[in-house]
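>>> Mind folding the following:
(2 chains)
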Protein chains: 2
Amino acid sequence: MSSTERQLHLNLFILNTGHHEASWRHRDTLPRQAADVHYYKRLAQTAERGLLDSLFLSDAYGLPPTIRYKVLQGLEPFTLLSALAVATERIGLIGTASTTYNEPFHIARKFASLDHISGGRTGWNIVTSTGNTTAFNFRDEGLPRHEERYERADEFVEVVRGLWDSWEDDALAVDKAAGIYVHPDRLHPLNHKGKFFAVRGPLNIPRPPQGHPLLVQAGASDTGKEFAAKVAEAVFTAQNTLEDGRLFYADLKSRMRKYGRQADQLKVLPGFCAIIGDTEAEAREREAELHGLTQAEYGVYRLSNLFKIDLSVYPLDGPLPYDALPETAEINSQKGRHQLYLDMARREGLTIRDLIMRTASSRGHYAIAGTPLQIADEMERWFRTGAADGFNLMPPYLPGGLDDFVDKVVPELQNRGLFRTEYTGLTLRDHYGLARPSWREYGREHASASRSFT
Amino acid sequence: MSSTERQLHLNLFILNTGHHEASWRHRDTLPRQAADVHYYKRLAQTAERGLLDSLFLSDAYGLPPTIRYKVLQGLEPFTLLSALAVATERIGLIGTASTTYNEPFHIARKFASLDHISGGRTGWNIVTSTGNTTAFNFRDEGLPRHEERYERADEFVEVVRGLWDSWEDDALAVDKAAGIYVHPDRLHPLNHKGKFFAVRGPLNIPRPPQGHPLLVQAGASDTGKEFAAKVAEAVFTAQNTLEDGRLFYADLKSRMRKYGRQADQLKVLPGFCAIIGDTEAEAREREAELHGLTQAEYGVYRLSNLFKIDLSVYPLDGPLPYDALPETAEINSQKGRHQLYLDMARREGLTIRDLIMRTASSRGHYAIAGTPLQIADEMERWFRTGAADGFNLMPPYLPGGLDDFVDKVVPELQNRGLFRTEYTGLTLRDHYGLARPSWREYGREHASASRSFT
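Just a heads-up that it's a prediction; the model follows:
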């Protein structure tokens, strides 16, 4: 198998005890360790042993009212990823930060610092936040409207990129004899004044090793996809069927042209939840066991929250009250997930209880229970038929589900020439086969406006 | 020597290549490593070998226009401290975060996360920011007024403490069989609505191992001292003479009573810059060498910035233009340092050049060049005569100045029974001999207002 052959990119989505919402109740998981760095170190080191491209931490700035039923999200991403950076050597480290409740200077600097600490292994998953649980921890008002959040995100990313480029790559002089630490003409203030932000710059840290940490996105609404087509280099997406996956893949890549981008400058990584057994029966047994631990009361709460209607007054074994549900267009956050669940329920004629179970393992992402061979077959099918450049792995329970993937599925993918047998690059960009942005490759509008820093 | 005898507390203030502003030009320093985590790991591990209580990172959110002359501040504190947390076992880790340019929810959560990652070894140095270099990276306006910044800081700290207490210590149930992860009645929203912030809570991470990470402060203005007396558990301070040190110590401790606090609940740690030689002559030589590398052009800029007047038009070898200088009362930031420099120049009849040199090694903190014995004598004098509970060590150059302190001064302090010969505690609070705050020991006004989280 030639090394230039297109290969899969695999990201591990780390979520406390795993992606099945009942995983914390499983006998083999460790929910007491959800705030324990040693637990995450073990996961990261296993993922690195499996030669995965990266690991990823989602995030939210609030405690869900359903915490009674569900394990803690985990530790704070910047602090956890930095700890994992020094506990690993090669794997990429992707963290989530919201553009709605942060300042671009802080985010640009923290990712730059993390990129220096990790030797160029970081990526930023750009989110605009969902729900009032987060909103009320910052202001006495709810979440800003969908369109405004994306407008702010767009300006936010422009400022962050500008700050990463406020140092030229060779700005450091470090001339002890002459007493010149930096070349002042290689530092460039940003002097940004926009609708949402005023940021002068330059950043107080040299340009990151990767130039720019990798930009990752997961918005599924029309606005979200347009934003991803413009800025993202990797996209996490929830696609319930191969056919939906193909449509999304083609749609997203076709949107890139108008921003002057090539299709291979963005990697589409659908979520992939694999329940692995040595036989199909064993896999089904594990799935049934996890489903058996699922709490319907929590599921009703979760769906009520998504559909913006109290579902507890409807029979669990009856259909969704379609006539009473708001349209996706009226929903302010998680528009993509809203549409996905609605389509799934309609297409498959699901009861409320069915929908809870169908979404318990991976929240609407593709889920499969099978043998390592069946799982590799399915991955290959998505990869070869235009639905994926790789996958966002969402083990249903941890650490066991990850151990099984690394020990049983990765070798099968390697045998087929679909996955690397060693790390050949050093940075996250290397792993994904994405070029390092040269200085001011983006945002030339700023370049003309700035002066040097003296 | 009894182990219950009062002992010194020692903190290492890590600043890139050291505290002398010309240290980066010294042949033994490594300014190219100012953004290299391995460099900081080595410093932290040396400090831990020396059994120091803690290490500390200062911070600012902007690049000084003088960066041409001076090495980078360093990496971003949260990311760097988290990396150091997993590279060390016992030493405390104190990071700076500004209450003027942050949100309390983020700061409470990041320190809580770092406290979990480090096993209870973190402290927060609370600052209100100085200067417009920072201000213009966040808003199109200058730094808020001194009094407003402290008013915001006061509310900020109250919210952060409230968030740390939004989980009771035993809130986790983790009852797999019953499906109960937390006891909902042991989670408490804050429902804070104040002048500056609206924060509902609870925090999305369990109560930190230390209850509250240690609160550290360094404000030197009257407002700053009052704030420290109210909330701080350790105070970094710049005292140029033993006499000034005693006055500050007595003043600060006496202010604590009205907040219902005992004097030993706050540790006063004056900055201490030791240039160490095996002979006094060798120490003087090292000092002269560093002074010889000092750039007057930078010093003039630095003093002009502090005194808010362009000093470059006055003769370097003449006195400060006292009549033209604004009063300390008119100054909006670094009021304490302003007064300190002015007093020093007047008392000692310094020229502008003299003042540059006198403040080059440690920015007005106490500095001494001598043998390990002389240095230990001076520390003992401050400690035994009511000027210090310990010191904020500011090595003039790194890593050499730290190596010398650990290898030569620490054993001398140990011989005198002034310093520990092994770590006896696990947390930063243990090292400083400060109690772990019980749940809601502070901020009872919130306790009455809150309801449980269901």
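
>>> CA only for contacts and neighbour counts going forward, please
Noted.

>>> Spit out the contact partners of A:Met394.
The contact partners of A:Met394, by C-alpha atoms under 8 Å, 6 or more residues apart in numbering or on different chains, come to A:12-14, A:18-19, A:271-274, A:362.

>>> from the residues you listed, which single one is nearest chain B?
Chain B has its nearest neighbour among the contacts of A:Met394 in A:Gly18, at 14.7 Å by C-alpha to the nearest C-alpha.

>>> ok so, going back, would you reformat the contacts of A:Met394 as a markdown table and include pLDDT and secondary structure?
Shown next, in a markdown table, are the contacts of A:Met394 (pLDDT from 0 to 100; DSSP: H, G, I helix; E, B strand; the rest coil):
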| residue | pLDDT | secondary structure |
| --- | --- | --- |
| A:Leu12 | 98 | strand |
| A:Phe13 | 98 | strand |
| A:Ile14 | 98 | strand |
| A:Gly18 | 97 | coil |
| A:His19 | 96 | coil |
| A:Gly271 | 97 | strand |
| A:Phe272 | 98 | strand |
| A:Cys273 | 97 | strand |
| A:Ala274 | 97 | strand |
| A:Ser362 | 86 | coil |
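
>>> Can you select the buried ones from these in ChimeraX?
The buried residues among the contacts of A:Met394 can be selected in ChimeraX (16 or more other C-alpha atoms under 10 Å in any protein chain shown) with this line:
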select /A:12,13,14,18,19,271,272,273,274,362
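
>>> residues near the closest residue to A:Val406 other than its chain neighbours, how many?
Once flanking residues are discounted, A:Val406 sits nearest to A:Gly50: 5.0 Å by C-alpha to C-alpha, 6 or more residues apart in numbering or on different chains. Using other C-alpha atoms under 10 Å in any protein chain shown, the number of residues around A:Gly50 comes to 22.

>>> for A:Gly50, phi and psi?
phi -80, psi 0 (degrees, to the nearest 10).

>>> again, but for A:Leu63
A:Leu63 adopts backbone torsions of phi -100, psi 120, taken as degrees, to the nearest 10.

>>> circling back: need the contacts of A:Met394 in a markdown table with distance to chain B, can you?
Listed next are these as a markdown table, based on distance: C-alpha to the nearest C-alpha, whole Å:
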| residue | distance to chain B |
| --- | --- |
| A:Leu12 | 21 |
| A:Phe13 | 19 |
| A:Ile14 | 16 |
| A:Gly18 | 15 |
| A:His19 | 16 |
| A:Gly271 | 25 |
| A:Phe272 | 26 |
| A:Cys273 | 22 |
| A:Ala274 | 23 |
| A:Ser362 | 19 |
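
>>> Quick check: of the contacts of A:Met394, which lies closest to A:Pro31?
A:Gly18 (9.7 Å; C-alpha to C-alpha).

>>> The closest one touches A:Leu398, doesn't it?
Yes. At 4.9 Å, A:Gly18 counts as touching A:Leu398 under the criterion of C-alpha atoms under 8 Å.

>>> and the residue of the stretch 201-350 of chain A found nearest chain B, what does it touch?
For the stretch 201-350 of chain A, the residue closest to chain B is A:Asn204, as judged by C-alpha to the nearest C-alpha, at 4.6 Å. Neighbouring residues of A:Asn204 by C-alpha under 8 Å, 6+ apart: A:109, B:61-63, B:72-73.

>>> Identify the residues contacting the residue lying closest to A:Leu8 once chain neighbours are set aside.
Residue nearest to A:Leu8 in three dimensions, not counting chain neighbours: A:Gly390, with 4.6 Å by C-alpha to C-alpha, 6+ apart. By C-alpha under 8 Å, 6+ apart, the contact set of A:Gly390 is A:7-10, A:267-270, A:383.

>>> Okay, A:Gly390 and chain B: tell me how far apart.
Distance check for A:Gly390 against chain B: by C-alpha to the nearest C-alpha, to the nearest Å, it reads 29 Å.

>>> picking that back up, list just the nearest of the contacts of A:Asn204 to B:Ala97.
Proximity of the contacts of A:Asn204 to B:Ala97 (C-alpha to C-alpha) peaks at B:Tyr61, which lies at 9.6 Å.

>>> Touching, the closest one and B:Asn137? I think so.
Yes. Contact between B:Tyr61 and B:Asn137 holds when scored by C-alpha under 8 Å: they sit 7.5 Å apart.

>>> got a list of contacts for the top helix by length along chain A?
What stands out as the longest helix in chain A, according to DSSP state H, is helix A:146-164. Identification of contacts with helix A:146-164 by C-alpha under 8 Å, 6+ apart yields A:99-100, A:104-105, A:107-108, A:112, A:128, A:190, A:192, A:194, A:196-197, A:199, A:201-203, A:206-208, A:211-212, A:223-224, A:227, A:332-333, A:440, A:442-443, A:446.

>>> one more time with 6 Å, if that's ok
Applying C-alpha atoms under 6 Å, 6 or more residues apart in numbering or on different chains, the contact partners of helix A:146-164 are A:99, A:104, A:108, A:128, A:203, A:207, A:332.

>>> Most widely separated two among those?
Farthest pair in the contacts of helix A:146-164, by C-alpha to C-alpha: A:Arg207 and A:Asn332, 36.0 Å.

>>> Name the residue in those two with the higher neighbour count.
Taking other C-alpha under 10 Å, A:Arg207 and A:Asn332 do not tie; A:Arg207 has more neighbours (24 against 15).

>>> In a strand, the more buried one, correct?
No. Counting by DSSP: H, G, I helix; E, B strand; the rest coil, A:Arg207 is not part of a strand but coil.

>>> Could you check the pLDDT of it?
As predicted, A:Arg207 sits at a pLDDT of 98.

>>> before we move on, the earlier item: now the longest helix of chain A: buried residues?
A:146, A:149-153, A:155-164.

>>> Buried residues of stretch A:285-298, list them for me.
Within stretch A:285-298, the residues scored as buried using 16+ other C-alpha under 10 Å are A:286-287, A:290-291, A:293-295, A:298.

>>> what about stretch A:228-244, start to end distance?
18 Å (C-alpha to C-alpha, to the nearest Å).

>>> hmm, who's touching that stretch?
A:215-218, A:245, A:255-256, A:259, A:265-271, A:365-366.

>>> swap the cut-off to 8 Å and go again
A:214-220, A:245, A:252-253, A:255-256, A:259, A:261, A:265-271, A:337, A:340, A:364-367, A:382, A:387, A:392, A:434.
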